[in-house]
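S.K.: got a sequence here, can you build the structure:
(chains A and B)
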Protein chains: 2
Amino acid sequence: MKFEAIAVENIPLIRKGDDLPSIICERIELQDRDIIVIASTIVAKAEGETFRLENITPGEEALAIASRTGKDARFIQAVLSKSKEVFVEAPFMLVTTLAGHTCVNAGVDESNIEEGFLLYSPENPDSSASILGARLENISGKKLSVIITDTNGRAFKIGQTGVAIGIYKIKPIKRWIGEKDLFDKVLEITEEAVADELAGAANILMGEGAGGIPVVVIRGLDYYCEEETSMSENYRPEDMDVIKKGLRCLQKKN
Amino acid sequence: MKFEAIAVENIPLIRKGDDLPSIICERIELQDRDIIVIASTIVAKAEGETFRLENITPGEEALAIASRTGKDARFIQAVLSKSKEVFVEAPFMLVTTLAGHTCVNAGVDESNIEEGFLLYSPENPDSSASILGARLENISGKKLSVIITDTNGRAFKIGQTGVAIGIYKIKPIKRWIGEKDLFDKVLEITEEAVADELAGAANILMGEGAGGIPVVVIRGLDYYCEEETSMSENYRPEDMDVIKKGLRCLQKKN
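M.R.: Below is the predicted model of the structure:
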């Protein structure tokens, strides 16, 4: 049993309106059950999510955070406009996005974009994945899954890993609950975050710099799922999230 | 550019004293710069880290936690004996291990072990990785890296992923700092947690149940590093860990 992760080379710089599925299918012959992993950066660029700081008017909350942290109030406003809760204001903004994903700066990005521009994360990553996936399947005639990825930091450790933020025809979590272990004992609590593991695997080839590869194909696994799926299954319910409770506790103390 | 993740099939049940490097090399022909990913479970079994609850005598702190949580005081004692700080007592124990890794139950495991026995995590996973790696290199005559993995939960999301807990001849973090992005801007903060991404990639093949594959070889990448490396580079310094501060804040409140 094995799988391959294959970089899709020579993807050009992406601009608003570009047809990513055609660009991908011109560069790799897809096979049934391939998982197409696409960096959120190029999805957002194709969707036209670029903006200039000059065009952002900070509101009251952004100005208050700016006065406490010394950061650019326009950048803070851009982050707040994509967030439903702020857990940390400095040295980085840790927020839960409107889509339910908890990450730094709501995915607002200053890297790999033309000088003077910033980039929002795709507005609805599951919906972006579905649109891209349906078109990839249509062009290639194959059964495909799609994962849209970003890179995120983690609790307790330095460094970022690739993570899934939007999916199509793959479940975010594989449930081992009820299956048996090597000694015939029933496994009780194991849920494997396969979409994030696949995003991390792809990120190994993607890189962050000028040699960046925004599309990776994972081949040889069978995670294809006909049902509708959503990354929302992946997020911990608020009332069971002890780390969010801890961060709220710290904010009240400050 | 691509890489492969290859399951090493037919690893037998491992017992204390088993020579894992020989068992692996009999089942796969290793190549230069292969990364051998080994589940901590079989490393701990080969090192004889199995124990019975009957043989644990709970101390004062374990009895106090047991009275608050209703859990078995002997199990709590086993976790405490491998931990330097407890952040959450229930519904799971979240601790930092003596080796600096923050995880549930200090890696003490009840799955995939004979009835009546439990399993500690390897005492010093970096040292275990070095011993296994040196012997794997010696038997195969190849330049190899080793990652020992466990599966851990994550902040804000449900599900577990494979993570690195011990390494040999691979750095845990790849630093992109100082490199340039697509538009020639210098990347400032990007550190990629490659050992954890590789552990997650391997975990996709490992599985948790009776079909469990405890060894996966990653082939086609070049992360080989002659210098001595340690997972301790991977852990966030205490004074920069806002999530630990939040969890301590909650404990004081309760």
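S.K.: report the rounded mean pLDDT for the helix ranked longest in chain A.
M.R.: In chain A, with assignment by DSSP state H, the single longest helix is helix A:125-140. For helix A:125-140, mean pLDDT rounds to 98.
S.K.: helices of the stretch 51-200 of chain A, residue ranges please.
M.R.: A:60-69, A:73-80, A:125-140, A:194-206 (DSSP state H, counting those that start in this stretch).
S.K.: and the first one, which residues are buried?
M.R.: In this case it means helix A:60-69. Under the neighbour-count criterion of 16 or more other Cβ atoms under 10 Å in any protein chain shown, helix A:60-69 has A:62, A:65-66 buried. Bear in mind the C-beta positions are built from the backbone N, C-alpha and C, glycine included.
S.K.: quick check, nearest of these to chain B?
M.R.: residue A:65 (15.7 Å; Cβ to the nearest Cβ).
S.K.: find the least confident helix or strand in chain A, judged by mean pLDDT.
M.R.: strand A:174-175 (a mean of 90; mean pLDDT, DSSP states H and E).
S.K.: contacts for it next, please.
M.R.: A:190-192, A:194, A:223 (Cβ atoms under 8 Å, 6 or more residues apart in numbering or on different chains).
S.K.: contact partners for residue A:46?
M.R.: A:14-20 are the contacts of residue A:46 under Cβ under 8 Å, 6+ apart.
S.K.: can you pull out the strands in the stretch 101-250 of chain A?
M.R.: A:102-104, A:118-119, A:145-153, A:160-168, A:174-175, A:191-192, A:215-219 (DSSP state E, counting those that start in this stretch).
S.K.: say whether chain B is contacted by the second one.
M.R.: No: shown here: strand A:118-119 not in contact with chain B (Cβ under 8 Å from any Cβ of the partner chain), separated by at least 11.5 Å.
S.K.: which of the helices or strands spans residue A:3?
M.R.: strand A:2-7 (DSSP states H and E).
S.K.: is any part of that strand close to chain B?
M.R.: Yes: using Cβ under 8 Å from any Cβ, strand A:2-7 reaches chain B at A:2-7.
S.K.: pLDDT below threshold where in chain A?
M.R.: A:188-189, A:208-211, A:254 (pLDDT under 70).
S.K.: any idea how it splits into domains?
M.R.: Split into domains by the TED database, chain A comes to A:1-48+A:122-170+A:199-232, A:50-115.
S.K.: hmm, stretch A:187-202 touching chain B?
M.R.: Yes: Stretch A:187-202 is in contact with chain B by Cβ under 8 Å from any Cβ, via A:187, A:190-194, A:196-198, A:200-201.
S.K.: span of that stretch from start to end?
M.R.: 29 Å (Cα to Cα, to the nearest Å).
S.K.: dump the residue contacts of the spatially closest residue to residue A:216 that is not a sequence neighbour.
M.R.: Spatially, and ignoring its direct neighbours in sequence, residue A:216 is nearest to residue A:202 (3.8 Å; Cβ to Cβ, 6 or more residues apart in numbering or on different chains). Applying Cβ under 8 Å, 6+ apart to residue A:202 gives the contacts A:5, A:37, A:147, A:149, A:162, A:216, A:218.
S.K.: mind listing what the fifth one touches?
M.R.: If you count contacts by Cβ under 8 Å, 6+ apart, residue A:162 has them with A:37, A:149-151, A:196, A:199-204, A:206, B:197.
S.K.: leaving out sequence neighbours, find the closest residue to the most centrally placed residue in chain A.
M.R.: For chain A, the residue nearest the mean C-alpha position is residue A:165 (3.0 Å; Cα atoms, centre = their mean). Leaving aside its sequence neighbours, residue A:165 sits nearest to residue A:125 (Cβ to Cβ, 6+ apart; 4.4 Å).
S.K.: that neighbour contacts residue A:234, correct?
M.R.: No: using Cβ atoms under 8 Å, residue A:125 is not in contact with residue A:234; the gap is 11.4 Å.
S.K.: how many neighbours does residue A:175 have?
M.R.: 12 (other Cβ atoms under 10 Å in any protein chain shown).
S.K.: same thing with residue A:234?
M.R.: 25.
S.K.: against residue A:196, how distant is it?
M.R.: 8 Å (Cβ to Cβ, to the nearest Å).
S.K.: which residues are common contacts for the two?
M.R.: The contact lists of residue A:234 and residue A:196 share A:164, A:172, B:157, B:159, where a contact means Cβ under 8 Å, 6+ apart.
S.K.: residues contacting the nearest residue to the last one once chain neighbours are set aside?
M.R.: Leaving aside its sequence neighbours, residue B:159 sits nearest to residue A:193 (Cβ to Cβ, 6+ apart; 3.3 Å). Counting by Cβ under 8 Å, 6+ apart, residue A:193 touches A:172-173, A:234, B:154, B:157-161.
S.K.: go through stretch A:27-43 and flag the buried ones.
M.R.: For stretch A:27-43, by 16+ other Cβ under 10 Å, it's A:28, A:30, A:33-43.
S.K.: apologies, that question was intended for stretch A:233-250.
M.R.: Buried-residue list, stretch A:233-250, by 16+ other Cβ under 10 Å: A:234-236, A:241-250.
S.K.: chain B contacts on the stretch 1-150 of chain A?
M.R.: A:1-7, A:9, A:13, A:88, A:94, A:96, A:102, A:110-115.
S.K.: tell me the buried residues within those.
M.R.: Buried among those (16+ other Cβ under 10 Å): A:3-7, A:88, A:94, A:96, A:102, A:111-113.
S.K.: and the residues you listed, which two are furthest apart?
M.R.: Using Cβ to Cβ, the pair of those lying farthest apart is A:4 and A:88, separated by 38.2 Å.
S.K.: residue A:238 contacts residue A:244, doesn't it?
M.R.: Yes: when contacts are counted by Cβ under 8 Å, residue A:238 is listed as touching residue A:244 (6.7 Å).
S.K.: next up, the contacts around residue A:212.
M.R.: The neighbours of residue A:212, taking Cβ under 8 Å, 6+ apart as the test, are A:39, A:112, A:206, B:181-182.
S.K.: swap the cut-off to 7 Å and go again
M.R.: A:112, A:206, B:182 (Cβ atoms under 7 Å, 6 or more residues apart in numbering or on different chains).
S.K.: state the distance from the closest residue to residue A:134 other than its chain neighbours to residue A:144.
M.R.: Nearest in space to residue A:134, with sequence neighbours left out and distances taken as Cβ to Cβ, 6+ apart, is residue A:168 at 7.6 Å. Distance from residue A:168 to residue A:144, counting by Cβ to Cβ: 8 Å.
S.K.: repeat for residue A:121
M.R.: For residue A:121, the distance to residue A:144 - Cβ to Cβ - is 22 Å.
S.K.: ok, and the closest non-adjacent residue to residue A:82?
M.R.: Nearest one to residue A:82, counting by Cβ to Cβ, 6+ apart, is residue A:106 at 4.0 Å.
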